[in-house]
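1. need coordinates for the following:
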Amino acid sequence: MAHVDPMLNAAYYGLGSIALEQARPKDAVTHLLAAVAIRRADADALNLLGTAYVQAGEPAKAIAPLQQAIAFVPLGWTEPYVTLAQAYAASGATAKAEWAGAMADLAGGDAAAAKARLLAISEGDAALDAAIGLGLVDERLGDGPGAAEWYGKALVIDPDNAAARLGLGRVSDPDASSAPLPQLPTPGGLDGGQGS
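-> The predicted structure follows:
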C-alpha cells in the first residue's frame, strides 16, 4: 500500500522540502519524485520538484512538473510561474520564459502588466500560450468579447486545445459571462497538499 499512502507522500514531501532548505537540491529531487509517484496530483510536490530541478542545474527537467502544477492550479499561485520562467530562460526558451513571467503577473493580480507582456509575444514561439493568457486577462478585466477573440485565435493555432475551448465556453455562455472568472483553490486545496 506504500504507493498510495498519503502519510508516506507527506513524509517524502517534507524530506524534499528540508533538503531544499539545506541547499541539497539533488536529494530533494529524489524525495519529491517519490512523493509524486504516490500522489501524481500533488501540486505542491510538483512545484517543489520543479524548483529542486532548477536549483540542481537541470532546468529542462523542471518544465514538465511545473506545467503540471500549473495545470492543477492555473490562477492565484505565482510561485510555479516564476520558477517556470527561470527554467525556460535557462533552457533558452525566451518567449516561453516571458509568457511564464506574464502569467506570474496575472496570478499576482497585475493584469495590466500581464497583458502588455503577453501582447509582445502574441506571435511566434509562444503564440498559443500568449493567446490563452490574453483570453484569461480579458476575462479578469470583464471583457468577454476580447477574451472570446483571443480564445478563438488560440483555437486557430490548436483546434483541440482544452484551455481555449473551456475559456471560449465561459465567455460565450450568457449565464457564465455575468459570473466572475472562477478562482481556483490555493495549492493544497485540490489535493490536501502540505502547504506552500
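2. so the residue positioned nearest the centre of the chain: helix, strand or coil?
-> Closest to where the C-alpha atoms of the chain average out (CA atoms, centre = their mean) is residue 70, at 2.2 Å. With DSSP: H, G, I helix; E, B strand; the rest coil as the basis, residue 70 sits in helix.
3. show me what contacts the closest residue to it other than its chain neighbours?
-> Distance criterion CB to CB, 6 or more residues apart in numbering; nearest residue to residue 70, sequence neighbours excluded, is residue 80 at 5.2 Å. For the C-beta atoms, the positions are set from N, CA and C on the backbone; glycine is no exception. Each residue near residue 80 by CB atoms under 8 Å, 6 or more residues apart in numbering is listed here: 43, 46-47, 50, 66, 69-70, 73.
4. save the residues you listed as JSON lines, and put in pLDDT and distance to residue 165 too.
-> JSON lines is the format used below for the contacts of residue 80 (pLDDT from 0 to 100; distance: CB to CB, whole Å):
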{"residue": "43", "pLDDT": "95", "distance to residue 165": "22"}
{"residue": "46", "pLDDT": "97", "distance to residue 165": "24"}
{"residue": "47", "pLDDT": "97", "distance to residue 165": "26"}
{"residue": "50", "pLDDT": "98", "distance to residue 165": "26"}
{"residue": "66", "pLDDT": "97", "distance to residue 165": "23"}
{"residue": "69", "pLDDT": "95", "distance to residue 165": "22"}
{"residue": "70", "pLDDT": "93", "distance to residue 165": "18"}
{"residue": "73", "pLDDT": "86", "distance to residue 165": "20"}
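5. can you redo those as CSV with distance to residue 117?
-> Converted to CSV, these look like this (distance: CB to CB, whole Å):
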residue, distance to residue 117
43, 24
46, 24
47, 21
50, 21
66, 18
69, 21
70, 17
73, 21
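6. so which of these belong to strands?
-> Of those, none are assigned to strands by DSSP state E.
7. where in this protein is pLDDT low?
-> Along the chain, the model assigns pLDDT under 70 to residues 1-4, 174-196.
8. state which helix of it is the longest.
-> The longest helix of the chain (DSSP state H) is helix 6-21.
9. for the helix or strand just after it, packing partners?
-> On the C-terminal side of helix 6-21, the nearest following helix or strand under DSSP states H and E is helix 25-38. Packed against helix 25-38 by the contact rule (3 or more CB pairs under 8 Å, 6 or more residues apart in numbering; DSSP states H and E) you find helix 6-21, helix 43-55.
10. quick check: buried residues in the shortest one?
-> Right, helix 43-55. With burial defined by 16 or more other CB atoms under 10 Å, the residues of helix 43-55 counted as buried are 43-55.
11. out of the residues you listed, which is nearest to residue 143?
-> residue 43 (28.7 Å; CB to CB).
12. what's the spacing between that closest one and residue 155?
-> Residue 43 sits 27 Å away from residue 155, going by CB to CB, to the nearest Å.
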